[in-house]
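**Q** okay, sequence plus prediction incoming.
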Amino acid sequence: MSEDKKYVLAIDQGTTSSRAIIFDHAGTIVSTGQKEHEQIFPRAGYVEHDPMEIWDNVREVIGLALSKADLTRHDIAAVGITNQRETAVVWDKNTGKPVYNAIVWQDTRTQSIVDRLAADGGVERFKPIVGLPLATYFSGTKIVWILENVEGAREKADAGDLLFGTTDTWVLWNLTGGTDGGVHATDVTNASRTLFMDLETLQWRDDILEAFGVPKSMLPEIKSSSEVYGTVESSNLLREVPVAGILGDQQAATFGQAAFDAGESKNTYGTGNFLIFNTDTEIVHSKNGLLTTLGYKLGDQPAHYALEGSIAVTGSLIQWLRDNLGIISSAPEVETLAKTVEDNGGAYFVPAFSGLFAPYWRSDARGALVGLTRYVNKGHIARAALEATAFQTREVLDAVNADSGVDLTELKVDGGMIANNTLMQFQADILGVPVVRPVVAETTALGAAYAAGLAVGYWADLGELRSNWQEDSRWEPKMDSDERERQLRNWKKAVTKTFDWVDEDVE
């Protein structure tokens, strides 16, 4: 790598915003550009984004990050992309325009499609092949919904004029030229979240595509997570810089945490929570409600697999307290409010707004706030909202321990919510193991930067990346075991109150 290329830029296309972050060789943040995009809720259960707004924002944040650091494309060795994984974009390859808004991973409109596909073989019909149950969460059913509900979409798809991608693919295609030769590709981690990719062969399964009724011509080429996919097109500030890394956001965070080997794991606290446990080159099929997914694949090297516990609503519950209830005016205020009380006052908040993900996979569940008395105030509700994140994480970790047969001895954490010390202490208390925060908390973008930098020789190997990781803070458990077990019993009781809510009376 030429000595004048001193930095790597990562594009983090997330659920609530798009960011460009520039990293130096030590994995330290040099500058950041960030812009939020609109959250579109046309009706209950529907969550959408405008793909054109996202692409405009990506271009803008690249400019912001470069200008803040007073850098140009000549200083950037490579670009990496990380993204909200299951969010589906379908667009016309001739015009470059989406045929419909992006359908977000939290969206539950495709339940009838899930039920239809599950009628022949149940929700685990394809799980031995793809590692995933049939669920509204994954992008496959979202494509079907667009083909069946957007006027003219089926005809265009059958004619070979429509392309599908998760948002990494949408950004890559536009970044490398769009209608003028844009690269239509994704990496194995994102492909493993569609319901269409064979975990063994790392290729699309024709028989599953046929069952869904999705033309193969729509799908991107599956590549590794670290290779040069193409170069940035001429009108962009990064023109001619290689795009060389793609990892879905949770796999990127795991990579950024340097959890490269079997038994290593991390938990990301974002819009939702995602715990990933590395199983190395072995495909482990969960018996406890976890997903089998791709961890990463570097160039021609063997793929690394993982078990994942996905939780739909954690950080977005704090947004809900802010935006829907108005009991806080900014997300950090939730900690201040929670600290006005000593405990949850007997209240438990199960935020099953999109059903329950791991380890339950109950699409019929909806949110519940239980244990309410006249004693409970908004401080207790704020504390119960924070504690919900920790309780859900404990249940996922129990499932990981059961599947792996090895109890986790500490939990590495990242994401926006780890700035909340009250939450991190309660997390350690309810787990009974230490919780560890790294110096560089932006591990999602860092993981994408690492994948891109490895591909172009900016970093030599995984050992060099591992040496970059440094501990910032550690929380040791302080709660006694009897109190921990009492709270867990109450939490599990609260979870059962969310079941069976959605039926013929509830749209």
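**A** Yep, it's here.
**Q** from residue 254, how far off is the residue lying farthest from the centre of the chain?
**A** Within the chain, the residue lying farthest from the chain centre (CA atoms, centre = their mean) is residue 374, at 38.0 Å. Distance from residue 374 to residue 254, counting by CB to CB, to the nearest Å: 45 Å. Any C-beta I mention is one placed from the backbone N, CA and C, and that applies to glycine too.
**Q** got it, and residue 334?
**A** Using CB to CB, one gets 26 Å for the distance from residue 334 to residue 254.
**Q** these two: who's more crowded?
**A** When residue 334 and residue 254 are compared for neighbours, residue 254 comes out ahead with 34 against 25, by other CB atoms under 10 Å.
**Q** what pLDDT does the model give that one?
**A** Among the per-residue scores, residue 254 holds a pLDDT of 92.
**Q** which residue packs closest to it, ignoring adjacent ones?
**A** For residue 254, the nearest residue in space outside its immediate sequence neighbours is residue 276; the separation is 4.6 Å by CB to CB, 6 or more residues apart in numbering.
**Q** wait, that neighbour touches residue 259, no?
**A** Yes - with contacts defined as CB atoms under 8 Å, residue 276 counts as touching residue 259 at a distance of 7.5 Å.
**Q** so which of those two has more stuff around it?
**A** More neighbours sit around residue 276 than around the other of residue 276 and residue 259, counting by other CB under 10 Å; the figures are 27 against 23.
**Q** end to end, how far does stretch 369-380 reach?
**A** Distance between the two ends of stretch 369-380: 11 Å, counting by CA to CA, to the nearest Å.
**Q** check which residues of it are buried.
**A** Buried residues in stretch 369-380, counted by 16 or more other CB atoms under 10 Å: 369-371, 376, 379-380.
**Q** where does the chain dip in pLDDT?
**A** Within the chain, the segments meeting pLDDT under 70 span 1-4, 506-507.
**Q** next secondary structure after the longest helix seen in it?
**A** Of all the segments of type helix in the chain, defined by DSSP state H, the longest one is helix 378-404. In the C-terminal direction, the helix or strand that comes right after helix 378-404 (DSSP states H and E) is strand 411-414.
**Q** tally of neighbours for residue 266?
**A** Number of residues near residue 266 (other CB under 10 Å) recorded here: 26.
**Q** what's across from it in the sheet?
**A** Beta-bridge pairing for residue 266 (DSSP bridges): residue 276.
**Q** tell me if I'm right that it and residue 408 touch.
**A** No - the pair residue 266 / residue 408 is not scored as a contact, 10.7 Å apart, by CB under 8 Å.
**Q** quick one on the thing from earlier: residues shared between the contacts of residue 276 and residue 259?
**A** 265-266 (CB atoms under 8 Å, 6 or more residues apart in numbering).
**Q** ok, now which ones touch residue 147?
**A** By CB under 8 Å, 6+ apart, the residues touching residue 147 are 90, 153-154, 157, 213-214.
**Q** what about it, which SS state?
**A** Remark: residue 147 carries the secondary structure label helix [criterion: DSSP: H, G, I helix; E, B strand; the rest coil].
**Q** do the same with residue 105
**A** Each residue gets one of three states, and residue 105 gets coil by three-state DSSP.
**Q** from residue 84, how far out is it?
**A** Taking CB to CB as the measure, residue 105 falls 6 Å from residue 84.
**Q** residue 103 now?
**A** Looking at residue 103 against residue 84, where the rule is CB to CB, the gap reads 11 Å.
**Q** same deal with residue 333?
**A** With distances taken as CB to CB, residue 333 is found 25 Å from residue 84.
**Q** I figured residue 407 hits residue 401, correct?
**A** Yes - counting by CB under 8 Å, residue 407 touches residue 401, with 5.0 Å between them.
**Q** what about residue 349, which helix or strand?
**A** strand 348-350.
**Q** residues contacting that strand, please?
**A** Here strand 348-350 makes contact (CB under 8 Å, 6+ apart) with 317, 356, 365, 367-371, 381, 384-385, 387-388, 391, 490-491, 493-495, 497-498.
**Q** and after it, which helix or strand comes next?
**A** Stepping forward along the backbone from strand 348-350, the first helix or strand reached (DSSP H and E) is strand 368-370.
**Q** ok so, going back, show me what the longest helix of the chain is packed against.
**A** Based on contacts counted as 3 or more CB pairs under 8 Å, 6 or more residues apart in numbering; DSSP states H and E, the elements that helix 378-404 packs against are strand 265-269, strand 273-280, strand 304-311, helix 315-320, helix 333-338, strand 348-350, helix 421-431, helix 481-496.
**Q** to residue 54, which of these lies closest?
**A** Taking CB to CB as the criterion, helix 315-320 is the member of the helices and strands packed on helix 378-404 that comes nearest to residue 54, at 17.9 Å.
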